[in-house]
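Visitor: make a model of this:
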Amino acid sequence: MAEDWSAVAKAINARAAELALKQKEIAERSGVSHAIVREMQQGRIERRRNPRTLEALSIALDWHPQHLTAVLQGKTPPEADSAATAAEDPLVPLLQTIIRELRGLRAQVGTLASRLDDGSRRKD
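Guide: Numbering: from 1, shown residues only. Predicted coordinates for the structure are as follows:
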């Protein structure tokens, strides 16, 4: 089955507009780099992505974690069920926020580590 990256781009763009989110905000919420969010929204670079990237973006856009994977495969995305989950356990939204923050921190640490690597290579 062919992957439909243009459908993923359309879905991300429509949801970002619906939630009034900018690329930078999506990147921060998901822990996905701003460059990758931009590439995916533009839909010009069609390449296989880590499934966790699509999951992180789905969650950041308040969808079911498998939403964008389903869109990519031309399937009907699963329902988020977030209202039922939140009603059952009030900690779920807080945990989701913490997870998004941790992903953002992980991305920042990765950026800093690569800068340090680049700096030590220049000195050698």
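Visitor: which residue is the nearest non-sequential neighbour of residue 16?
Guide: residue 26 (6.1 Å; C-beta to C-beta, 6 or more residues apart in numbering). No exception for glycine: its C-beta is placed from N, CA and C like everyone else's.
Visitor: can you give me the buried ones in the helix or strand where that neighbour lies?
Guide: Using DSSP states H and E, residue 26 sits within helix 23-30. For helix 23-30, the neighbour count (16 or more other C-beta atoms under 10 Å) marks 23, 26-30 as buried.
Visitor: ok, residues contacting the helix or strand just after it?
Guide: Counting by DSSP H and E, the next helix or strand C-terminal to helix 23-30 is helix 34-42. With C-beta atoms under 8 Å, 6 or more residues apart in numbering as the contact definition, helix 34-42 has outside contacts at 5, 8-9, 12-13, 16, 23-24, 26-27, 30, 45, 49, 53, 57.
Visitor: recalculate using a threshold of 6 Å.
Guide: 9, 12-13, 23-24, 26-27, 45 (C-beta atoms under 6 Å, 6 or more residues apart in numbering).
Visitor: from the residues you listed, which is closest to residue 102?
Guide: Residue 102 lies nearest to residue 27 out of those, by C-beta to C-beta, at 14.3 Å.
Visitor: what is the burial count for the residue lying closest to that closest one once chain neighbours are set aside?
Guide: Closest residue to residue 27 apart from its sequence neighbours, by C-beta to C-beta, 6+ apart: residue 34 at 4.3 Å. Counted with other C-beta atoms under 10 Å, residues neighbouring residue 34 total 15.
Visitor: what is the end-to-end distance of stretch 35-53?
Guide: 13 Å (C-alpha to C-alpha, to the nearest Å).
Visitor: buried stuff in that stretch?
Guide: In stretch 35-53, counting by 16+ other C-beta under 10 Å, buried: 36-37, 39-41, 43, 49, 53.
Visitor: so how far is residue 122 from residue 15?
Guide: Residue 15 sits 41 Å away from residue 122, going by C-beta to C-beta, to the nearest Å.
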